[in-house]
Every structure is written in C-alpha cells, then in structure tokens.
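Student: Pasting the sequence and the predicted model now:
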Amino acid sequence: QVQLVESGGGLVQPGGSLRLSCAASGFTFSSYAMSWSRQAPGKERELVARISSAGSSTNYAASVKGRFTISRDNAKNTVYLQANNLKPEDTAVYYCGAGLRYSSPYTYWGQGTQVTVSS
C-alpha cells in the first residue's frame, strides 16, 4: 500500500523558512521521481518542484525558483522541500507526489500539509 506522509507545515512570518518532509512507503522509492505541489484556496494545484529518482535532476516553478530547494534521501525514503524567504502568496496546502516518470511525478499523492505565511 502506497503511503506518502507530509510533515513540517505551519505558520511562519514573511521572510521566514520551513522545511517540509515527505516519508514514503509501499513502493520502491529510489525508482520514483518525486514532487511537491501546492494548492491555495480557489486556485488550481500548482507543481512547485520535482526531482528525479536518483536526485540528479531538479526543476522548479518560476514562482519559487531561487527560494525553494527540493532534495531526497533514498536511504530514508524521504523527500524534502526547503522553503526560504517565504511570502504570503506561498500560503497553500503542500502535497508530496510520486511517479515513475520525471515528466509526471504525481501518480500518487499524500494528504498534504498546510503552510501559512502571515504576520
């Protein structure tokens, strides 16, 4: 049974940082590309970052490039999203995704973790 469990969300002031984690189980983690997406109220889900199965390739949405970093630890079956210099417009539910293809790393989804950026 595939499980993706996100953690690390919360309330942070503008300019602050958060590190999101996603613990995976039920599949061969090292064979899957991983992703982070987000969905704000009233908006469509947006792919924020992706990383290849070995971690050698990454890709970011223009809105977060230079502020967010995706990484993975295949020994721990975990993917991370380091989010720095957070802005109010980063407020959303953040979802972890997994897929066999780097082009579509979201066959499976987690339940999400809320990130709120507010003073």
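Tutor: Happy to help now that I have it.

Student: So the residue nearest to the spatial centre of the chain: helix, strand or coil?
Tutor: In the chain, the centroid-proximal residue (CA atoms, centre = their mean) is residue 36; its distance is 2.5 Å. Using DSSP: H, G, I helix; E, B strand; the rest coil, the three-state assignment for residue 36 comes out as strand.

Student: That one pairs with what?
Tutor: Following DSSP bridges, residue 36 is listed with bridge partners residue 49, residue 96.

Student: now swap in residue 7 and tell me
Tutor: residue 21.

Student: Residue 21 is in contact with that one, correct?
Tutor: Yes. Between residue 7 and residue 21 there is a contact under CB atoms under 8 Å: 5.1 Å. No exception for glycine: its C-beta is placed from N, CA and C like everyone else's.

Student: More neighbours: these two, which one.
Tutor: residue 21 (17 against 14; other CB atoms under 10 Å).
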